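K.L.:
with the sequence up front, the predicted model follows.
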Amino acid sequence: MSSSKRLYAVFLQFLRDRFNLESDKADELETLEYIRKGVEFSGTNLWILIFAIFIASIGLNVNSTAVIIGAMLISPLMGPILGIGTGVAINDLDLLKRSFKNLMIATIFSVVTSTLYFAISPLSTAQSELLARTNPTIWDVLIAFFGGLAGIVAGSRKEKSNAIPGVAIATALMPPLCTAGYGLASGNLYYFFGAFYLYFINSVFISLATFIIVRFLKYPKKEFADEARERTVKRWIAFFVIITIIPSTYLAYQTVKHSIFERNANRFIVQELNFENARVINSELTYDSNEQRIEVSLFGEPVSDDLIEKARRQMSNYNLEDTELFVLQGYTESVNEASLATSIRSGVIEELYKQNEQSLRSKDERIKLLESELTRIQNISSLTTEISPELKALYPELSSFSINQSTIMRLDSLKQDTVFLAYIKFRRNPGKNELKKLDAWLKARVKSDRVEIVVE
């Protein structure tokens with residue numbers, strides 16, 4: 001044998017040894033019994049599920065990631081899902097039916113429990129942890145599939161590792177059910193169907209991963225003395241597989257298309273809507289069977305129709321040929337003032353959140369800071385409108401006025417200072433005494449000694 005062939009054989013043997021799943025595999029009958037026990041949802045398992053649902057619902061309600069993780073560790077939801085994949089793999093119709101039945105029981109109890117909680121909870125705002133479970137992506141499909149692979153491999157070992165609790169956290173079966181309950185309690189069917197869609201995808205792909213590993217490990221299939229009975233069982237299993245795989249395959253396909261659309265749309269926004277004196281402060285992407293739309297809000301100087309049309313012509317380069325582009329921008333008649341105000345407010349909050357994220361430790365502190373900062377900005381921006389009529393009454397010769405908060409650099413000390421900068425223009429130049437009175441009045445009016453007046 002040549003040296004290259006010998007090296008290749010050594011390499012193959014190395015790979016076989018590294019990826020061998022037989023060395024520490026538990027007894028097959030023991031593993032199947034372990035899976036069968038995890039399928040049942042009665043007594044202890046059902047009570048644990050209900051308590052875990054309450055914990056997860058509270059975690060979603062108060063936006064606590066740690067609480068949600070704790071609930072997922074407690075939850076016994078993985079059992080019936082592993083049972084479905086195993087039942088299909090070994091032709092065990094009884095296991096398959098029991099798994100489906102118990103999964104339905106667990107699902108119904110979970111949704112009812114979370115609906116009851118959110119119906120009586122005084123906190124009704126949908127937090128970020130909850131909203132994250134309403135819009136599945138291709139990454140959720142991949143997480144469910146690889147999580148299912150890890151779960152069944154860990155479950156088939158002699159010594160059970162910490163992989164199974166990790167799978168329970170990664171695949172996140174419980175939060176979507178709680179979110180579905182929130183959707184029912186709040187009457188928001190979009191949240192309900194989006195969350196249930198995510199739960200369905202997770203369940204199907206964990207079962208698929210279980211099926212693949214059980215077949216790969218060559219677990220013994222259930223044998224029947226009666227051939228007619230065996231054919232009936234196989235037909236029923238094929239029926240269950242078809243009614244599960246077909247819709248899940250379609251949904252996964254739609255999820256992939258949606259994810260690709262979002263990726264292309266975000267790339268288009270970053271690269272083609274990057275204008276010199278205007279920036280995108282908010283974007284909304286719509287993707288369904290009837291409509292594909294990108295709606296962006298610009299803040300800054302108005303962008304000409306020619307530039308927007310030029311960007312629109314580039315959409316085909318991002319596979320967005322059938323997508324409509326809507327651009328909302330300030331200082332034009334076509335913009336909806338409410339939409340623009342909402343977009344600007346969202347942009348301000350986002351910027352403030354990024355600046356203060358590291359120094360703040362709790363959600364309540366972040367919200368309080370953002371609200372106070374937003375109120376301060378709104379109050380300052382409205383000062384010109386509020387003060388102008390008062391000044392006009394006091395100084396009839398006044399023709400123009402503007403006041404805003406600005407940062408100036410003191411060149412003698414090289415220190416920055418924040419002041420109210422007032423721009424004033426008179427039809428007739430005022431005297432020094434008149435300017436002193438105006439300066440004192442402005443300081444009293446804005447409740448600050450840091451007022452600088454610029455007279456044109």
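P.N.:
Noted; the coordinates are in hand. Worth saying up front: this structure is predicted, and the values here are computed from it rather than measured. Numbering: from 1, shown residues only.
K.L.:
any low-confidence regions in the stretch 1-150 of the chain?
P.N.:
Under the criterion pLDDT under 70, the flagged ranges of the stretch 1-150 of the chain are 1-2, 22-26, 123-140.
K.L.:
80 instead, please
P.N.:
Within the stretch 1-150 of the chain, the stretches with pLDDT under 80 are 1-31, 34, 38, 41-42, 61-77, 91, 93, 122-145, 147-150.
K.L.:
which parts of it are helices?
P.N.:
Using DSSP state H, counting those that start in this stretch, the helices found in the stretch 1-150 of the chain span residues 3-18, 28-39, 44-62, 65-74, 78-89, 93-120, 128-131, 138-155.
K.L.:
out of those helices, which one sits most buried?
P.N.:
Ranked by average neighbour count under the criterion mean count of other CB atoms under 10 Å, these are headed by helix 78-89 at a mean of 26. The way it works is simple: take the backbone N, C-alpha and C, and place the C-beta from them, glycine included.
K.L.:
just so I know, which of the helices of the stretch 1-150 of the chain lies nearest residue 281?
P.N.:
Closest to residue 281 of the helices of the stretch 1-150 of the chain, according to CB to CB: helix 128-131, at 19.1 Å.
K.L.:
minimum distance to residue 179: which of the helices of the stretch 1-150 of the chain has it?
P.N.:
That would be helix 128-131 among the helices of the stretch 1-150 of the chain, by CB to CB, at 5.4 Å.
K.L.:
nearest to residue 189, out of the helices of the stretch 1-150 of the chain?
P.N.:
The closest of the helices of the stretch 1-150 of the chain to residue 189 is helix 93-120. By CB to CB, the value is 13.0 Å.
K.L.:
how is this structure carved up into domains?
P.N.:
Per the record, the chain has its domains at 20-222, 260-330, 336-381, 385-455, by automatic domain parsing.
K.L.:
on that earlier part again, okay, the helices of the stretch 1-150 of the chain in JSON lines with distance to residue 208 next?
P.N.:
Formatted as JSON lines, the helices of the stretch 1-150 of the chain follow (distance: least, CB to CB, whole Å):
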{"stretch": "helix 3-18", "distance to residue 208": "25"}
{"stretch": "helix 28-39", "distance to residue 208": "16"}
{"stretch": "helix 44-62", "distance to residue 208": "23"}
{"stretch": "helix 65-74", "distance to residue 208": "21"}
{"stretch": "helix 78-89", "distance to residue 208": "7"}
{"stretch": "helix 93-120", "distance to residue 208": "14"}
{"stretch": "helix 128-131", "distance to residue 208": "27"}
{"stretch": "helix 138-155", "distance to residue 208": "7"}
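K.L.:
for residue 431, which of these is the nearest?
P.N.:
Across the helices of the stretch 1-150 of the chain, residue 431 has its closest neighbour in helix 128-131 (58.1 Å, CB to CB).
K.L.:
quick one: secondary structure of residue 399?
P.N.:
Three-state call for residue 399 (DSSP: H, G, I helix; E, B strand; the rest coil): strand.
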